[in-house]
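K.L.:
make a model of this:
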Amino acid sequence: MRRSPADCMLSAPNGTRHAGLMTSSAVGLGGRANGPAREDSCVITAASEVMAILGLATGRADLKQRLARMLVALSFDDKPITAQDLGATGAMAALLKDAIKPNLVQTTENTPALIHTGPFANIAHGTASIIATNASLRLCDWTVIEAGFGSDLGAEKFVDLVAPLGGFRIDGCVLVATLRALKHQGGAPDARRGMLRHLWLGLENLHRHIENCRTLGMEPVVALNRRTDHDRRGRPRGASGRAGSGRAVDGHGCDLCDPDVDEGVD
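P.N.:
Predicted coordinates:
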């Protein structure tokens, strides 16, 4: 199935995946169409229970109710003390009056993206806010959600927690892998060009993530993401087949890879 990027909207959390790598960036390196070249940096908002609550809230009223139920302490006789007991609900909601609004940005391919909340999947649910997702579903035919921290954290929590809470129907799954990570997972000391033996060994980890997605009721398409400086020989056309997936997409150029052909891999 082919869809125009104009029909889709990306909804992503703030820095839930590879957070340390996203604090600095260089943009505008692809020519005039991508704007002027420049470097910039950002400070990632710390994850907290309030951040997780903001990401799961369906509106202002729901946000206040969730904040009120926050357990903040135990009394001397072990009874729960909530934010409502301390009279802090209204103040917290007031502080979040602007934070509850999703951020609309544009990708280098002119696709709209809503970036909202940062509930890291290792301590929270790892996806963009329900408010942002609902907004994108109202505005576009398709919404792509990034479930951070792999199939064993973000994807599982999206399927079991976020989707039922938001009433979302999942129509597809894309499992993103990088050649660099696969080589490291195969025991490579670094991810320099070549090292294809380590790449194939690392596919066992990819296979487990594919099985995780199937356990969650989804048949994943694997996106094999290559850096621009990678050796063309490192393009694993047969990687998805070896890892157990029927199809893969080459993340650099977005052309479909045939799992039955090992062209260019030794």
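
K.L.:
on the three-state scheme, the closest residue to residue 66 other than its chain neighbours is what?
P.N.:
Setting aside the residues directly before and after it, residue 66 is nearest to residue 53 in space (C-beta to C-beta, 6 or more residues apart in numbering), at 4.5 Å. Any C-beta I mention is one placed from the backbone N, CA and C, and that applies to glycine too. Taking DSSP: H, G, I helix; E, B strand; the rest coil as the rule, one finds residue 53 in the helix state.

K.L.:
and for residue 197?
P.N.:
Residue 197 is classified as helix under three-state DSSP.

K.L.:
correct me, but it touches residue 186?
P.N.:
Yes - assessed by C-beta atoms under 8 Å, residue 197 is found in contact with residue 186 at 7.4 Å.

K.L.:
so for those two, which sits in the more crowded spot?
P.N.:
When residue 197 is set against residue 186 and neighbours are counted by other C-beta atoms under 10 Å, the residue ahead is residue 186, at 18 against 13.

K.L.:
measure the closest residue in space to residue 83 that isn't next to it in sequence to residue 223 for me?
P.N.:
For residue 83, ignoring the flanking residues on the chain, the nearest one in space by C-beta to C-beta, 6+ apart is residue 70 at 4.3 Å. Remark: distance between residue 70 and residue 223 (C-beta to C-beta, to the nearest Å) = 37 Å.

K.L.:
helices of the chain, start to end?
P.N.:
Applying DSSP state H to the chain gives helices spanning 49-56, 60-68, 89-95, 130-139, 156-157, 163-166, 179-185, 196-215, 239-243.

K.L.:
as CSV, those helices with mean pLDDT and distance to residue 108 would be great.
P.N.:
What follows is those, written out as CSV (pLDDT from 0 to 100; distance: least, C-beta to C-beta, whole Å):
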stretch, mean pLDDT, distance to residue 108
helix 49-56, 94, 26
helix 60-68, 97, 33
helix 89-95, 96, 33
helix 130-139, 95, 19
helix 156-157, 94, 29
helix 163-166, 94, 28
helix 179-185, 87, 21
helix 196-215, 91, 27
helix 239-243, 56, 26
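
K.L.:
tell me the most buried of those?
P.N.:
helix 239-243 (a mean of 23; mean count of other C-beta atoms under 10 Å).

K.L.:
which regions of this protein sit below the pLDDT cut-off?
P.N.:
For the chain, residues meeting the criterion pLDDT under 70 lie at 1-22, 45-46, 191, 226-266.

K.L.:
ranges for the strands of it?
P.N.:
Under the criterion DSSP state E, the chain carries strands at the ranges 8-12, 24-27, 38-41, 71-74, 80-82, 103-106, 112-115, 142-145, 174-178, 221-225, 248-250, 256-257.

K.L.:
surely residue 187 touches residue 200?
P.N.:
No - counting by C-beta under 8 Å, residue 187 does not reach residue 200; the two are 11.0 Å apart.

K.L.:
residue contacts, residue 147?
P.N.:
The neighbourhood of residue 147, defined by C-beta atoms under 8 Å, 6 or more residues apart in numbering, consists of 121, 126, 127, 154, 155, 157, 158.

K.L.:
relative to residue 174, how far out is the residue nearest to the fifth one when sequence neighbours are not counted?
P.N.:
Residue nearest to residue 155 in three dimensions, not counting chain neighbours: residue 147, with 4.6 Å by C-beta to C-beta, 6+ apart. With distances taken as C-beta to C-beta, residue 147 is found 10 Å from residue 174.

K.L.:
any idea how the chain splits into domains?
P.N.:
Domains of the chain are assigned by automatic domain parsing as 1-45+102-148, 60-99, 172-266.

K.L.:
how about JSON lines for those, with distance to residue 162 added?
P.N.:
Listed next are the domains of the chain as JSON lines, based on distance: least, C-beta to C-beta, whole Å:
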{"stretch": "domain 1-45+102-148", "distance to residue 162": "5"}
{"stretch": "domain 60-99", "distance to residue 162": "14"}
{"stretch": "domain 172-266", "distance to residue 162": "12"}
